[in-house]
Structures are given as structure tokens and as C-alpha cells.
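1. Show me how the following folds:
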Amino acid sequence: MKKNKLIFYSLIMWSLINCSENKLEEITPEDNIPAALIFTNFSTIEATTVGIYDGMQNGDIIGGQVEFIGDFLSDDVNFVGSYPSLQQLRNFYAASTNRNVNDIWFNVFNVTRNANNIIENLAVLSSQDITFSDPNDFETFETRKQEFIAEARFCRALVTFIGANLFAHPYQVENGENLGMPIVTAFFAGDEGRFKEPRATLNETHTFIENDLLFAVNNLSDFNGIRASSTAAKALLSRLYLYREQWSEAANMANAVINTSGFSLAPDYTFYNNPSSEHIFRIINLPDDSAFGLNFDLFYNPASARGRGDLTITQDLITAFTAEIGDLRYTTLTTEDRDPSNNPARFTLKYPNGQTNESDPNVLRMGEIYLNRAEANLRGNTTIGDTPLNDVNAIRARAGLVALTAVTLEDVLLERRKELAFEGHRRMDLLRNNKNLKPENFPISAPGGNKTILPIPANEINMNPNAVQNTSY
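-> Numbers count the residues shown, from 1 in each chain. You can find the predicted model right below:
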């Protein structure tokens, strides 16, 4: 996304230089450019929309911390590093002052703020308000305006969903009547304490996410490369409906994605960090990209691959992989090396680029969508698009495993575990299926347990008079 950031600055500089009424003696930083300048020129509007994705690239929101916390709080990954704040999370005793928790919360609402900037300002603009360097842009402005708003709403929905999964109990605990996330729809300035909305219920939060995604479905094309698309919105809706046990809706959305031209299961696992029909939505990183925060590459790679080696594969997951001989997800996507204490350990190869931060997070991909459809059809006793057995066997065939002759819910969940390992899904798959996060006798990790969700950061509690803390923090 460094490329996107360069495009952003280049477009803004070009626009300001070439619009005589908007000449500036100094180019102001991205976050401080007045809306009066951004929203009078088509090029700067588009660049500001692209800037939302740049915010999501931060390793503290997508592409690192959020996903690997979800993995090491579960039974898939060990955190063996020396960061005290991550050790606190691993051991289920993080405080509301935990730095990593604060960083996640801040970045959820940083992306929300950037998205709201587009949504709020474009809603009141007409083509007569805008300067166009390309006459064709004038002719298509109303359509493009809706597309920009839809992109912003997709991004807002994605980060709100990420926040809800970490800071709120899953739907299954109180049928969604527990506290979720603040619903913030206006642009705001500042950092912590920058809005005053109270936390909505999880049901209200999910409805907010659903409405944003349905808007994106109806206003974006099926395929848009690394930017939001109608297909990406449907894929995220399939995940949302699955988490809410809306089985037919989840199966229908997954089926719509599977039947969209241009998307299919990749024939092998070379799709990681490469263009592929497997990818529905991902964040693109370039070598030595300037993403901040804790990223996949640094933590999942051992020292020999220029990483820290802080995240190793648990014996429990290794046992699951090796229960059947020849699972390619184990034999080709993991490797033996040494952890920071020089102990033998196994590492994933899904993020092979060490400290360059070049690996591309898989936010939405076809492997998940087939498994979403399989689980939703199995639990809903339907065969929307195909049977659960066929969908699971499609995933297994790519992994080099023999076809099953019958499929159970445990079979589906096992394939989800192995297929989506190290991509941030395991914690929610356990909690929403009423399973402990840790396999050992570890009561604090039981579904509904106070410490299975993160605290609302102390900064938010102190600066938002309507903020409510999670129980026991």
C-alpha cells in the first residue's frame, strides 16, 4: 500500500498546484488537509478514498496484531516472545491500560473516522461542486460518488466487525443483547476520546455492519482488485451471518460469491502473496512498506528468516495436521526451526518475508467461503449451491487428502482449523461454537468468560463519558 500512499500525496499535490483558487504556500499533512480543499476536486476525493485502505494496512488492525492475538488466545499458536503486553493477553490478565489493546481500539476508529470523512462529505456534493481534470469524470460523477461512499462503508463495516469480535462476547452468549461497539457515523477530530457515542448492543452493531455491507453490495462492481467490491461485501456478510447463526443467509451469500465469475479455489497454495482467483479482498504490502504496528512477518518468522520467532505452532494443532498423512497445508506451509530460546519449534510459511513486512494479509478468500457455505448448509439442513460434503471435500482435495464419505459439524470445524490456521479465525470459531479457547483445563478461557474478550482501553473510559467497561476489567 506504499504505492497507494504515494498516489494519494501525488494526487493531492497535483490538484492543489493546478487549482489556482486553492494554491497553498505549504502542503499540509494528510490528516490536516481541510475538507474544503479535498471535496472540491475529483482527484483528491479519489485519493482520500484510497487513503482509507492505507489506514487499514496498519499492523495493529489488519495484517498482524489482531489476527495473531486471535490465534495465540486459542489452541493453534504459542506466544513465546518477551513483549509484556502480549504476554498479559496470552495469559488472560491484560489490563485496560494494555498498550496493544489501546492500539487496536485506536486503529478501528482511525479507519472509521477516515471512512466517515468520505461518507459524510460526499453525501451532500453534486457534480457542480467539483473541479474535474477529466471530462469523463464529470459524466460519471454520481455513479462514482456512490462507489466511493460504498468503499468507505465496506471499510467501516470491516473494522467495526473486527472490533466487535475482540471487545464483545459473541452472539451466542446473550443472543446479541450484550454490549458491542460504539456506532460512530460522523467525522471527528482528535485521538482518544474523540467521540462520545455509547456502546450499542452487539445486535445493533451487527445491524450497522450489515447495512454498510448491503450498501456496498448494491453500489460496487463484482471485482475491483485490491479495493472493496460487491463480492467482498457478500463474502464478509457470509461470515457475519455465520457468526449470528443465520444459516440460510450465510449459505446464500457464500454461494453468491462462489458463483461470481473470476473467483475460484486456487489449485494449490502458491496463492499466498501472489495474484490468484483465491483472493476476494486482501491488503497489499510492498517490500519495506511503511506500515506501523505489529505485523505477521516479524512475529511468525524465526530469526533465520529475519523475524522474531515469537509465534510457534502448538502441539495440539500439529497433532491435528498429522492425524492424516500427507496434508499439504502441513508439509508445504510449515517448517521446523528454532524459537527465541533456541528450542525446536514449528512455524508457518504463509508469511515468508521476515522484517520486510511484504506478506499480504488474506482478509477474505475462497477457502473460507466454501467452508462458510458448508457449515451454514450443514447446520441449516440445506444444500444451497452444493452439499456440505462436496464443499469440504473440495478443500480436502486441494490439501491432498482423501474424500470423506460423510461429514459432521466436527469435520467442518476441523477443516476450518487447518485451512484457515494463522489467519486469525480460530478464536471466534471456538467461542461461537461453545468451545474453550485452550484445550487444557483452563476455565478462564471458557466461552462467555470475562477475559475471553478484551478490555475497553482506559483512555476511552477516561475521555468518553458514555463509555462502559467490560466486566472484570
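
2. which stretches of the stretch 1-150 of the chain have low pLDDT?
-> Residue ranges of the stretch 1-150 of the chain with pLDDT under 70: 1-36.

3. now the helices for it?
-> 2-18, 35-38, 42-56, 65-72, 84-90, 99-122, 135-139, 141-167 (DSSP state H, counting those that start in this stretch).

4. and those helices as CSV, adding distance to Phe281 and mean neighbour count?
-> Every C-beta, even on glycine, is put in place using the N, C-alpha and C of the backbone. Below are those laid out as CSV (distance: least, Cβ to Cβ, whole Å; neighbours: other Cβ atoms under 10 Å):
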stretch, distance to Phe281, mean neighbour count
helix 2-18, 14, 16
helix 35-38, 25, 14
helix 42-56, 10, 23
helix 65-72, 14, 25
helix 84-90, 26, 17
helix 99-122, 14, 22
helix 135-139, 25, 12
helix 141-167, 8, 22
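
5. Of those, give the one that comes closest to Gly307.
-> helix 65-72 (12.1 Å; Cβ to Cβ).

6. Which strands or helices does the closest one pack on?
-> strand 77-79, helix 84-90, helix 99-122, helix 141-167, helix 296-300, strand 311-313, helix 426-432 (3 or more Cβ pairs under 8 Å, 6 or more residues apart in numbering; DSSP states H and E).

7. what about the ones you listed, which gets the closest to Gln65?
-> helix 99-122 (6.1 Å).

8. Centre of the chain to the closest one, how far?
-> 14 Å (Cα atoms, centre = their mean, to the nearest Å).

9. Kindly format the C-alpha coordinates of it as CSV.
-> Written as CSV, here are the backbone C-alpha positions of helix 99-122 (Å, rounded to 0.1, in the frame of the first residue of the first chain):
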residue,chain,number,x,y,z
ARG,A,99,-0.7,-0.9,25.0
ASN,A,100,-1.7,-3.4,22.4
VAL,A,101,-5.4,-3.2,23.3
ASN,A,102,-5.3,0.6,23.0
ASP,A,103,-3.6,0.4,19.6
ILE,A,104,-6.3,-1.9,18.2
TRP,A,105,-9.1,0.3,19.5
PHE,A,106,-7.4,3.4,18.2
ASN,A,107,-6.9,2.0,14.7
VAL,A,108,-10.5,0.7,14.5
PHE,A,109,-11.7,4.2,15.0
ASN,A,110,-9.0,5.8,12.9
VAL,A,111,-10.3,3.9,9.9
THR,A,112,-13.8,4.7,10.9
ARG,A,113,-13.0,8.4,11.0
ASN,A,114,-11.4,8.3,7.6
ALA,A,115,-14.4,6.4,6.2
ASN,A,116,-16.9,8.8,7.8
ASN,A,117,-15.0,11.7,6.2
ILE,A,118,-15.9,10.3,2.7
ILE,A,119,-19.4,9.2,3.6
GLU,A,120,-20.4,12.5,5.3
ASN,A,121,-18.9,14.9,2.8
LEU,A,122,-19.8,13.1,-0.4
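
10. check contacts around the residue nearest to Gln65 when sequence neighbours are not counted.
-> Leaving out its chain neighbours, the residue that sits closest to Gln65 by Cβ to Cβ, 6 or more residues apart in numbering is Leu294, at 4.3 Å. For Leu294, the contacting residues are Gly59, Asp60, Gly64, Gln65, Phe68, Asn100, by Cβ atoms under 8 Å, 6 or more residues apart in numbering.

11. if you set the cut-off to 7 Å instead, what comes out?
-> Gly59, Asp60, Gly64, Gln65 (Cβ atoms under 7 Å, 6 or more residues apart in numbering).

12. can you list the helices and strands packed on helix 65-72 in TSV and add distance to Ile52?
-> Shown next, in TSV, are the helices and strands packed on helix 65-72 (distance: least, Cβ to Cβ, whole Å):
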stretch	distance to Ile52
strand 77-79	29
helix 84-90	27
helix 99-122	5
helix 141-167	5
helix 296-300	21
strand 311-313	28
helix 426-432	24
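
13. what helices or strands is the helix or strand containing Arg373 leaning on?
-> Assigned by DSSP states H and E, Arg373 belongs to helix 366-380. In terms of contacts (3 or more Cβ pairs under 7 Å, 6 or more residues apart in numbering; DSSP states H and E), helix 366-380 is packed against helix 230-243, helix 247-258, helix 388-398, helix 409-419.

14. let's see it at 10 Å
-> Contact analysis of helix 366-380 by 3 or more Cβ pairs under 10 Å, 6 or more residues apart in numbering; DSSP states H and E lists helix 230-243, helix 247-258, strand 279-282, helix 388-398, helix 409-419 as its packing neighbours.

15. which of the ones you listed sits most buried?
-> Of all the helices and strands packed on helix 366-380, helix 230-243 carries the top mean neighbour count, a mean of 25, counting by mean count of other Cβ atoms under 10 Å.

16. That one - what's its average pLDDT?
-> Here helix 230-243 scores 98 as its mean pLDDT.

17. Could you give the separation of that helix from the chain centroid?
-> Worked out by Cα atoms, centre = their mean, helix 230-243 lies 12 Å from the chain centre.

18. That helix vs helix 366-380, what angle?
-> 40 degrees (axes from the mean of the first three to the mean of the last three Cα atoms, to 10 degrees).

19. okay if I get the helices and strands packed on helix 366-380 as TSV plus distance to Leu437?
-> Shown next, in TSV, are those (distance: least, Cβ to Cβ, whole Å):
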stretch	distance to Leu437
helix 230-243	16
helix 247-258	23
strand 279-282	26
helix 388-398	24
helix 409-419	13
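
20. looking at these, which one has the lowest mean pLDDT?
-> Across those, the lowest-scoring stretch is strand 279-282, with a mean of 95.

21. just to revisit the earlier point, nearest to Lys451, of the helices and strands packed on helix 366-380?
-> Per Cβ to Cβ, nearest to Lys451 of the helices and strands packed on helix 366-380: helix 230-243, 20.2 Å.

22. Touching, Phe109 and Ile183? I think so.
-> No: checked against Cβ atoms under 10 Å, the pair Phe109 and Ile183 is beyond contact range at 11.4 Å.

23. Overlap of the contact sets of these two?
-> Shared contacts of Phe109 and Ile183, defined by Cβ atoms under 10 Å, 6 or more residues apart in numbering, comprise Thr160, Phe195.

24. number of nearby residues for Asn175?
-> Neighbour count for Asn175, taken as other Cβ atoms under 10 Å: 12.

25. Please apply the same query to Arg346.
-> Counted with other Cβ under 10 Å, Arg346 comes out at 19.

26. Check the gap between it and Phe72 for me.
-> 14 Å (Cβ to Cβ, to the nearest Å).

27. cool, Ala250 as well?
-> 27 Å.

28. How about Asn136?
-> 50 Å.
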